[in-house]
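Colleague: mind folding the following:
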Amino acid sequence: MKLLPMLFAGAALALSAVAAQAEVRFGVMNESYPPFFAKDASGEWHGWEIDLMNAVCDEMKEKCSIVDISWDGLIPALQSKKFDVIWSSMSNTAERSKVIDFTDKYYNTPSTLIGPKDQKPGATAEDVKGKTIGIQVSTIQSEYYKKYFAGAAEEKTYQTLDEAFQDLASGRIDYVFGDSLALDAFLKSDGGKDCCAKMGDVADDKEILGAGVSGGLRKEDTELKTKLNAAIAAVRASGKYDAITKKYFDFDIYGAK
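Modeller: Reported below is the predicted structural model:
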């Protein structure tokens, strides 16, 4: 009988070891979204958001993996437990918060319109009147269009931003509307630097555009949310966040907007 306490203690240690090594599966959109994430020819993921994920996992002392899913399938896949957290530049909005929970934010940037270089700059309904705007499906920009631009301009939706960029460069649409950093990456690319330019940031609407980009979670996963929030805070406090950011940007993206 004296062996029982030792056996229980051993079991507890084994369980704690398993918990410390539990795999946390991160859901990422299955298309390149530079500079935040992209998969190279060997199948390895790279980018700012991937580096941040690795730093957060180190802080949590958890084994982490990536599951890639189409953008409009991320929330359904989270709810069906195909992975544990959406880590894919998803903004925390009131509408999304009805069905999933979110971590604290880990970056925040404006929504922007880009268009041909010879087009007059501007980002209001009057500026886009009679034009066609390319927007990725199931995004905050699509919701913003419905409220502010629907009566003035036509919306053309795309499964990926790359498809919208191709149509903009070839003159089939007049604008692309999206996150400023993703659009800026296109403007610096070979496909965008000669044809296109920034037209302007749209006026903010926090109800639609959200309170920043966060990790998306199932509402019942409160323990994981606590661990992720603590890890995000620790990465920022340690200076790792700034070090990662400086690899990709020459300005602060945490509080921008």
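Colleague: any regions of the protein where pLDDT drops low?
Modeller: Applying pLDDT under 70 to the chain flags residues 1-21, 256-257.
Colleague: what about the strands in it?
Modeller: 23-29, 38-39, 45-46, 63-69, 85-86, 101-107, 111-116, 132-136, 154-158, 175-179, 196-201, 213-217 (DSSP state E).
Colleague: for the second one, name the packing helices and strands.
Modeller: I take that to be strand 38-39. If you count contacts as 3 or more Cβ pairs under 8 Å, 6 or more residues apart in numbering; DSSP states H and E, strand 38-39 packs onto strand 45-46. Heads up, the C-betas are built off the backbone N, CA and C, glycines and all.
Colleague: same deal with the fifth one?
Modeller: Where contact means 3+ Cβ pairs under 8 Å, 6+ apart, strand 85-86 is packed against strand 23-29, helix 74-79, strand 213-217.
Colleague: which residues does it contact?
Modeller: 24-27, 74-75, 78, 100, 103, 215-217, 224, 228 (Cβ atoms under 8 Å, 6 or more residues apart in numbering).
Colleague: if you set the cut-off to 10 Å instead, what comes out?
Modeller: Under the criterion Cβ atoms under 10 Å, 6 or more residues apart in numbering, residues 24-29, 53, 56, 64, 69, 74-75, 77-78, 96, 100, 102-103, 214-218, 221, 224-225, 228 lie in contact with strand 85-86.
Colleague: and the contacts of stretch 113-122?
Modeller: So stretch 113-122 is contacted by 123-124, 127-128, 131, 133-134, 141, 149, 164-165, 168-169, 171, 173-178, 180, 183-184, 186-187, 192-202 (Cβ under 10 Å, 6+ apart).
Colleague: and the end-to-end length of that stretch?
Modeller: Start-to-end span of stretch 113-122 (Cα to Cα, to the nearest Å) is 8 Å.
Colleague: got the buried residues for that stretch?
Modeller: 113, 114, 115, 119 (16 or more other Cβ atoms under 10 Å).
Colleague: same question, stretch 206-215
Modeller: 208, 209, 210, 211, 212, 213, 214, 215.
Colleague: same thing with stretch 57-67?
Modeller: 57, 59, 60, 62, 64, 66, 67.
Colleague: hey, what's the last one bridged with?
Modeller: The reference is to residue 67. Counting by DSSP bridges, residue 67 forms beta bridges with residue 27.
Colleague: so residue 213 is in contact with residue 253, correct?
Modeller: Yes: here residue 213 reaches residue 253: they are 9.1 Å apart, a contact under Cβ atoms under 10 Å.
Colleague: what touches both of the two?
Modeller: With Cβ under 10 Å, 6+ apart, residue 213 and residue 253 have common neighbours 36, 106, 107, 108, 109.
Colleague: show me what contacts the residue lying closest to the second one once chain neighbours are set aside?
Modeller: Okay, so that is residue 106. Among residues not flanking residue 106 along the chain, residue 232 sits closest, at 5.6 Å (Cβ to Cβ, 6 or more residues apart in numbering). Residues near residue 232 by Cβ under 10 Å, 6+ apart: 52, 55, 56, 59, 60, 103, 104, 105, 106, 214, 215, 241.
Colleague: how does it look with 7 Å?
Modeller: 56, 103, 104, 106 (Cβ atoms under 7 Å, 6 or more residues apart in numbering).
Colleague: tell me the spacing between it and residue 175.
Modeller: 33 Å (Cβ to Cβ, to the nearest Å).
Colleague: my read is that residue 136 contacts residue 161, right?
Modeller: Yes: using Cβ atoms under 7 Å, residue 136 is in contact with residue 161, at 5.3 Å.
Colleague: need the overlap of contacts for the two.
Modeller: residue 178.
Colleague: one step back: distance to residue 89 added to the buried residues of stretch 113-122, as CSV?
Modeller: Supplementary listing: the buried residues of stretch 113-122 in CSV, determined by distance: Cβ to Cβ, whole Å:
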residue, distance to residue 89
113, 18
114, 17
115, 22
119, 26
